[in-house]
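Sequence first, then the predicted structure:
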Amino acid sequence: MSSFKTPGVYIVEKNAFPNSVVEVATAVPAFIGYTEYAKNGNKSLLDKPWKINSLGEFEQYFGKGPKPFFEISETTEASRTWYESTLRCNGKDYKIKRQDSYNFYYAIRFFFANGGGSCYIVSVDEGYSGELEKAKLINGIQTLVKEQEPTILVVPEAVYLEDDQSCFDIQTAMLQHCGHTMRNRFAVLDVYGGYKSPNDPSGNVITNFRDKIGTEFLDFGASYYPWVNTSVVPTSEVDFTNISNLDELIKVLRDEAQGKDHLLEVIDKINSPDDELTPDVIHKILSKHSLAYQEIMKEMLYTLNMMPPGAAMAGIYTLVDSTKEVWKAPANIGLSNVVSPMVNISHADQEDLNVPLNGKSVNAIRYFVGEGVKVWGARTLDGNSLDWRYINVRRTMIMLEESIKNATKAFVFEPNTANTWVSVRSMISNFLNGVWKRGGLAGSSPEDAYSVHIGLGETMTPEDILEGIMNITVLVAVVRPAEFIVITFQQQMQKS
């Protein structure tokens, strides 16, 4: 305080309350993928994380998805993958194969349909030319290092890469980014080939996932299986113009329409619409009168709507955090815009998914009669860890750690003395007390829920103080979900 030299009355204000901890955001996903373009006016947004708040903003800065094209050809082998299927028309088997792998726009739609809000977009390429590349997607992860706000990481197109090892390289890079580089975000992973049953002749997709995902930073990620049949892409977005080889389509339709001159006239106009028979009119007539056309459109739509659940789960995380809290497990929640899971999982089937010997839990997407399709799992990939088994525990700890870390920056270079220690302890305790009152910490009293330790002889030695180190130990009892509810029934003797 400066010395007083002039007679008079002086006002001195003193702070009565300690600094407060501001709780960080918990559900701000970062999505990485391919877009139509990436620009803000004349400024390129390529490989630059950009925050949006709605699907409209995504379309403003990154455009829409490419027009999907399909090829029809005769085949002798039945197939069902995410990009092709077979159907039978006029006694012949036909293969309908999608020509591109770009699904990022549909994934963002899926995210917002399931409660998604503010998120970051990293466009790694624009224009939809060429193939998906592992290197570009991994580089997109690196661009997020300087961004502090994202708390969830999703790369929806990783599972669409032709080589499964490339997908797993991306997913291990995601786990390393979340658990090692940043330690303040959580990876949501999909299972490569997750549209297949574990008993598929081509191999067990769950075993393959567990073998190749690695062993590091598993508590910073969670995976979901199986893929789901959705209604993200409406019927209005698919017609005959989505078929690349129209001559083959005309051949199939003519075989069915023999003797129906009015329908043959419409079919012959597919390659040369006019003012009367426009593409829209042709599509409506064929949709009403041609069974083969109906089946072809149905298969194309089915293929487009076959999606991995990761983007939707990022939306579920956001929804749960905003309507409940981050410490509520993101499970027992219905999925929106989902018709059915692509693989029906029974109670017995889920045993190996949820509690495997290697601990790499895979959360199930299941259908329940009268309830619809639900998320039926809340475990991280580190299922054998009693500390980090549950998603909500890891994400709650990320929130607590980041909030307290940001608040204690105010005390950097402050005197490492008892007065400072009291202020720090009071600040953190007040924050944790508020979390406990909202149900985020377990315990019937604050003493049971948390404790904050700081001071000479308690967390620091004289040498620590000489070296300028202030050690703070925070103990918290994070709430865990009731994953297994056991109800015991026993008969008793009649008493009257």
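Cool, got the structure.

Check which residues of the longest helix along the chain are buried.
When the chain is parsed with DSSP state H, its longest helix is helix 418-437. For helix 418-437, the buried set under the neighbour-count rule, 16 or more other C-beta atoms under 10 Å, comprises 421, 423-425, 427-429, 431-432, 435-436. C-beta coordinates here come from the backbone N, C-alpha and C atoms, glycine included.

Closest to K14 out of those?
Checking the buried residues of helix 418-437 against K14 with C-beta to C-beta, the nearest one is S423 at 13.0 Å.

Could you double-check that that closest one sits in contact with F411?
Yes: assessed by C-beta atoms under 8 Å, S423 is found in contact with F411 at 7.3 Å.

Let me see the domain layout of this protein.
By the record's domain assignment, the chain is partitioned as 29-66+102-232+305-391, 70-98+234-304, 412-476 (automatic domain parsing).

what does stretch 481-496 contact?
The list of residues contacting stretch 481-496 from outside it, by C-beta atoms under 8 Å, 6 or more residues apart in numbering, reads 329, 331, 378, 390, 392.

Could you dump those residues into TSV and include distance to E84, pLDDT and secondary structure?
Formatted as TSV, those follow (distance: C-beta to C-beta, whole Å; pLDDT from 0 to 100; DSSP: H, G, I helix; E, B strand; the rest coil):
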residue	distance to E84	pLDDT	secondary structure
A329	37	96	coil
A331	33	96	coil
A378	34	96	coil
Y390	38	96	strand
N392	39	96	helix
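
Include neighbour count and distance to S346 when you put those residues into CSV, please.
Putting the contacts of stretch 481-496 into CSV (neighbours: other C-beta atoms under 10 Å; distance: C-beta to C-beta, whole Å) gives the following:
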residue, neighbour count, distance to S346
A329, 22, 22
A331, 20, 18
A378, 23, 19
Y390, 27, 23
N392, 25, 26
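
with the residues you listed in mind, which one is nearest to G370?
Using C-beta to C-beta, A331 is the member of the contacts of stretch 481-496 that lies nearest G370, at 18.3 Å.

wait, isn't the closest one in contact with R379?
No: checked against C-beta under 8 Å, the pair A331 and R379 is beyond contact range at 9.0 Å.

which residues are common contacts for the two?
Listed contacts common to A331 and R379 are N363; contacts here mean C-beta under 8 Å, 6+ apart.

Looking at the buried residues of helix 418-437, which is nearest F368?
V435 (32.6 Å).

My guess is the closest one contacts L400. True?
Yes: the pair V435 and L400 passes the contact test of C-beta under 8 Å, sitting 7.3 Å apart.

Could you save the contacts of stretch 481-496 as CSV and add columns showing distance to A158?
Formatted as CSV, the entries for those read as follows, by distance: C-beta to C-beta, whole Å:
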residue, distance to A158
A329, 25
A331, 23
A378, 22
Y390, 24
N392, 24
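
for the residues you listed, which one is nearest G65?
Sorting those by how near they are to G65, with C-beta to C-beta, puts A331 at the top with 29.7 Å.

buried sites along stretch 157-177?
With the criterion 16+ other C-beta under 10 Å, stretch 157-177 contains buried residues 157-161, 164, 166-177.

Report the distance from stretch 424-433 to the chain centre.
The gap between where stretch 424-433 is centred and where its chain is centred comes out at 32 Å by C-alpha atoms, centre = their mean, to the nearest Å.

which residues make contact with that stretch from outside it?
Defining contact as C-beta under 8 Å, 6+ apart, one finds that stretch 424-433 is touched by 18-21, 23, 400, 403-404, 407-408, 411, 441, 446, 449-450, 452, 454, 470, 472, 474, 476.

same check, this time on stretch 47-67
By C-beta under 8 Å, 6+ apart, the residues outside stretch 47-67 that reach it are 30, 35-40, 45, 100, 102-106, 108-109, 112, 117-124, 126, 128, 139-140, 143-144, 147, 149-150, 241-242.
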